[in-house]
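Enquirer: Could you look at this predicted model? Sequence included:
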Amino acid sequence: MKYTSEYINSLSFKSYLELMATELNENGFREFNGMKYMVDADPKFMDLFIMGPVQDQNAMDFLKRQGLIENGRCPQCGAPMSVNQYFWYDRRNPSRRFYVCYGCSKSNGQGDGHSMDGCPSGIPKNKSNTGCLLTLLTLPILFFKSLLHL
């Protein structure tokens, strides 16, 4: 890793995003439209940098190897994170995922083709899935019961 958690947490959020854009540009990565990566000057749109322009899985992997993502800072809001527990992923490309803080996991997602989930495996913690199994077992019973009433 090129960057430490302490270093990226010492930067302002805008500087953190600009560092990601600079690293991507200097290493030959470009946005899907061929343009260089840039951080929006409007603070309201800065949180969209990592979700929008960075569509390339290779670029995402590069940022992870450099220590700019999944290294103790939420790439969506800039908050320090002590635990990588919640992640964002793109439903259209599930391999494109990265960890975010608890606040971003709860306030975003479920729209625009994106989703947040509460644990890396995609299954909420402390859930046994017995409800799903019971439903699967009762469906055939209900089906045969409906056939008898015809």
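Expert: Right, received. Where do you want to start?

Enquirer: contacts and neighbour counts: CA atoms only from here.
Expert: Will do.

Enquirer: in the chain, what spans have low per-residue confidence?
Expert: For the chain, applying pLDDT under 70 flags the ranges 44-45, 47-49, 51-53, 83-84, 90, 93-96, 107-139, 143-144, 149-150.

Enquirer: how about the strands in the protein?
Expert: Using DSSP state E, the strands of the chain run over 86-90, 93-100, 114-117.

Enquirer: What segments of the protein are helices?
Expert: Ranges of helices within the chain are 5-10, 13-26, 57-66, 102-107, 130-148, based on DSSP state H.

Enquirer: With mean neighbour count added, can I get the ones you listed in TSV?
Expert: Converted to TSV, the helices of the chain look like this (neighbours: other CA atoms under 10 Å):
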stretch	mean neighbour count
helix 5-10	15
helix 13-26	19
helix 57-66	17
helix 102-107	15
helix 130-148	10
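
Enquirer: Of those helices, which is nearest Asp40?
Expert: helix 13-26 (9.0 Å; CA to CA).

Enquirer: other SSEs contacting the closest one?
Expert: Using 3 or more CA pairs under 8 Å, 6 or more residues apart in numbering; DSSP states H and E as the contact criterion, the elements in contact with helix 13-26 are helix 57-66.

Enquirer: relative to helix 13-26, how tilted is the helix it packs on?
Expert: Going by axes from the mean of the first three to the mean of the last three CA atoms, to 10 degrees, helix 57-66 is angled at 120 degrees with respect to helix 13-26.
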